[in-house]
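Novice: sequence and predicted model, in that order:
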Amino acid sequence: MKEIKLSCEVITPLFMGGANMEPEIRTQSINGVVRWWFRTLGGSKEEEKRLFGWTGEKSNKGMVKFCIIRKDNIDRYLKTYEKQFNQGGYVLQTGLNYIAFSLDQRFKKEHNKPKRQYLDVGYSFDLKIILSSFLEKDEIKKFLGALWCAFYLGNFGSRARRGFGSIMVREISGDFDNFISFAPKGDIKGWLKSNYEKIRGLFEKPKENNEKSKENNIEIYIFEKLDKNIINEWIKEVQKGRNGKYLARNYNPQGVNPAFGRLVGLYNWRDLLDLMGFTLMAYRSYLDPDYTNAKAIIQGRPNNNIIERAIFGLPLNFHFSSIKQGNNRGTVFPVKGGEKLRRASPLIYKVIKNEEKLEGLIIFVMDKFLPDDVDLELNGVKLQKPDYTLIKDYLQSLQDKKIIGRLI
C-alpha cells in the first residue's frame, strides 16, 4: 500500500453534505469529482473501473481509498448563506446573487424561504489517499493528474460549476512521484500551464502510427487585472439592441477604488465570484432570439424552436412579467422517456489561491452536450439542440476586451 496526505483549505463557501444537506466533508463527493476528471481527461472505462471500482455487473472494489484523518470543528465554520438585498429589502442585481440564486431562495429579505448552510472560507481538513500496491506507476500518475484537476480546475459540492466549493491543497506528502506541483507559487499562469500539459500528456492516446493525439476538449482562461469601465464597455457591446426592465447593464462592484475605477488590492471571494457571475448574467440577459422564442412558446405560438442559452446548462427557467394573463413561466429540460433530467454547465468558474492572492479561472469542457436519445423541451415543445457557438462567442468577447486571457 502507498499513502498520500493532502492538507486542504476551503477558499470559497463549500456546500457539501448528505441527503439532509447538513454541511460535512464527504469522501464520496471528493471521489466522485476526481473520478469525473479522470473520465473527462480521457481515462478509459477499464482504467476507471480498476482505479475507482464498479457497482454494476461484475462489480469490483476500487484500488484507491479516500479517508478524512483530521478536520476543523465544523461548528466554528458553519454559516447560513444569505443573498445581498437593497435598503428596500429586494434582491440586488449582482453577479453573486445571480450564480447563488438557489442557495438562498428569497426574492425579498422578509420572505421565509430555504437558505443553505455551508462551510466557510478557511475551514481545513486532511485527506488521506490509500493506493493499492497492485497499481502500476502510470496508473498512479493518471490518478494524481485527475486529483490535481479536481482541486485546481474543479470545485466540490453544490453550485460547484459557479465557483463555490473551491478547495486548495496547502501541502501534499507521502509516497508518490512528485512530477506535478500541488502548491501554487510564483507565476500562476506558468504554474497552471506546466502542470496541466504534463497531465494532459499522460492521457494522450497513440494513433496507429504511434504518434500521440493532440486532441483536447478542455480550454482554460484566466481573469486579468481589469478596470470596471472596461467591463461596462463590454456590456454595452454584447447587449447592443437589447431592451428589458431587468437588463443587467451596470457593473458596479464593492471592491472598486472610486478614484480610479479599478479593482484594487487582493480580491476576496465575494468580489471575484461577483465579477464572474456578472459577466455571465450580462451576456445572457434578454438574449435574442431566445427571449422572443421562449416567450412565443410559453404563449402557445411557437415559431423558431431553438433556445441557444440552453448550452450554458439545464434546467433553464424563463419568467415573463410582460405576460399579464395566463401562464408566464417555462423551463427548458432535457427529457428522456418522459423523465426530466439535468445537464451541468460546460463552463466551470474556478477560484484558486496563490500566495494569499485569489485568481479567477473559467474552464470550458466540450463534451457531447446531450445524448442522441435525450430530447430538449420547453413546456412540452421539443427544441433543437444547441451547439457551442454561444459559449465560444461569450469567451471570445471577453478576450477581445482583455477581461480574460486564454492559457490552454
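Specialist: Right, received. Where do you want to start? Fair warning: this is a prediction, and the values are worked out from it, not measured in the lab. Numbering: from 1, shown residues only.
Novice: can you list the domains in the protein?
Specialist: The chain breaks down into these domains under automatic domain parsing: 2-77+118-212, 85-115, 222-406.
Novice: count of residues packed around the closest residue to Gly89 other than its chain neighbours?
Specialist: Excluding the flanking residues, the one nearest Gly89 by C-beta to C-beta, 6 or more residues apart in numbering is Lys109, at 4.0 Å. Yep, even glycine has a C-beta here, placed from its N, CA and C like the rest. By the criterion of other C-beta atoms under 10 Å, Lys109 has 16 neighbours.
Novice: any idea of the pLDDT on the residue lying closest to Lys382 once chain neighbours are set aside?
Specialist: In space, and not counting its chain neighbours, Lys382 is closest to Asp375: 5.6 Å by C-beta to C-beta, 6+ apart. At Asp375, the model reports a pLDDT of 97.
Novice: quick one: the residue nearest to Gly89 and Gln84 touch, right?
Specialist: No - using C-beta atoms under 8 Å, Lys109 is not in contact with Gln84; the gap is 9.8 Å.
Novice: in which helix or strand does Thr292 reside?
Specialist: With elements taken from DSSP states H and E, the one containing Thr292 is helix 290-298.
Novice: for the residue nearest to Gly89, which residues are in contact?
Specialist: Contact analysis of Lys109 by C-beta atoms under 8 Å, 6 or more residues apart in numbering lists 85, 89-90.
Novice: filter those down to the buried ones.
Specialist: Burial by neighbour count, 16 or more other C-beta atoms under 10 Å: within the contacts of Lys109 this picks out Phe85.
Novice: mind checking which of the contacts of Lys109 are in helices?
Specialist: Among those, no member is found in helices (DSSP state H).
Novice: could the contacts of Lys109 go into JSON lines alongside pLDDT and distance to Gly163?
Specialist: Converted to JSON lines, these look like this (pLDDT from 0 to 100; distance: C-beta to C-beta, whole Å):
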{"residue": "Phe85", "pLDDT": "93", "distance to Gly163": "21"}
{"residue": "Gly89", "pLDDT": "94", "distance to Gly163": "26"}
{"residue": "Tyr90", "pLDDT": "93", "distance to Gly163": "24"}
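Novice: got the contacts of Lys109 as TSV, with distance to Phe318 columns?
Specialist: Formatted as TSV, the contacts of Lys109 follow (distance: C-beta to C-beta, whole Å):
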residue	distance to Phe318
Phe85	24
Gly89	25
Tyr90	20
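Novice: of the contacts of Lys109, closest to Cys8?
Specialist: Of all the contacts of Lys109, Cys8 sits closest to Phe85, with 32.7 Å by C-beta to C-beta.
Novice: any idea how far Val91 is from the closest one?
Specialist: Counting by C-beta to C-beta, to the nearest Å, the gap from Phe85 to Val91 is 6 Å.
Novice: same question, Tyr246
Specialist: Taken as C-beta to C-beta, the span from Tyr246 to Val91 is 11 Å.
Novice: ok, back up a step: what lies in contact with the helix holding Thr292?
Specialist: Residues outside helix 290-298 that contact it (C-beta under 8 Å, 6+ apart) are 244, 302-309, 318, 320, 322-323, 327-330, 332, 378-379, 381.
Novice: quick one: distance of the very next helix or strand once past it to the chain centre.
Specialist: Following helix 290-298 in sequence order, the next helix or strand is strand 316-319 (DSSP H and E). For strand 316-319, the separation from the chain centroid amounts to 20 Å (computed by C-alpha atoms, centre = their mean, to the nearest Å).
Novice: buried sites along strand 316-319?
Specialist: 316, 318.
Novice: direction included, what does it pair up with?
Specialist: Strand pairing for strand 316-319, using DSSP bridges, gives strand 329-336 (antiparallel).
Novice: list the buried ones in the helix holding Thr292?
Specialist: Quick answer for helix 290-298 (16+ other C-beta under 10 Å): 290-291, 293-298.
Novice: how about that helix as PDB, C-alpha atoms only?
Specialist: As requested, C-alpha coordinates have been extracted for helix 290-298 and formatted as PDB (Å, rounded to 0.1, in the frame of the first residue of the first chain):
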ATOM      1  CA  ASP A 290     -34.000  33.100 -27.000                       C
ATOM      2  CA  TYR A 291     -36.100  35.800 -25.400                       C
ATOM      3  CA  THR A 292     -38.500  36.000 -28.300                       C
ATOM      4  CA  ASN A 293     -38.600  32.300 -29.000                       C
ATOM      5  CA  ALA A 294     -39.200  31.300 -25.300                       C
ATOM      6  CA  LYS A 295     -42.000  33.900 -24.900                       C
ATOM      7  CA  ALA A 296     -43.700  32.700 -28.100                       C
ATOM      8  CA  ILE A 297     -43.600  29.000 -26.900                       C
ATOM      9  CA  ILE A 298     -45.000  29.900 -23.500                       C
END
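Novice: so it versus strand 329-336, what angle?
Specialist: Put simply, helix 290-298 runs at 90 degrees to strand 329-336, going by axes from the mean of the first three to the mean of the last three C-alpha atoms, to 10 degrees.
Novice: out of the contacts of helix 290-298, which are buried?
Specialist: Buried, going by 16+ other C-beta under 10 Å: 302, 307-309, 318, 330, 332, 378-379, 381, out of those.
Novice: most widely separated two among those?
Specialist: Of all pairs in these, the most separated under C-beta to C-beta is Glu308 and Asn379 at 17.4 Å.
Novice: count of residues packed around Gly380?
Specialist: Count around Gly380 with other C-beta under 10 Å applied: 8.
Novice: ok, back up a step: among the buried residues of helix 290-298, which one lies nearest to Phe38?
Specialist: Nearest to Phe38 out of the buried residues of helix 290-298 is Asp290 (C-beta to C-beta; 34.5 Å).
Novice: per-residue pLDDT, the closest one?
Specialist: Taking Asp290 on its own, its pLDDT is 94.
Novice: next, Asn328: phi, psi?
Specialist: Phi and psi for Asn328, reported as degrees, to the nearest 10, are phi -120, psi 20.
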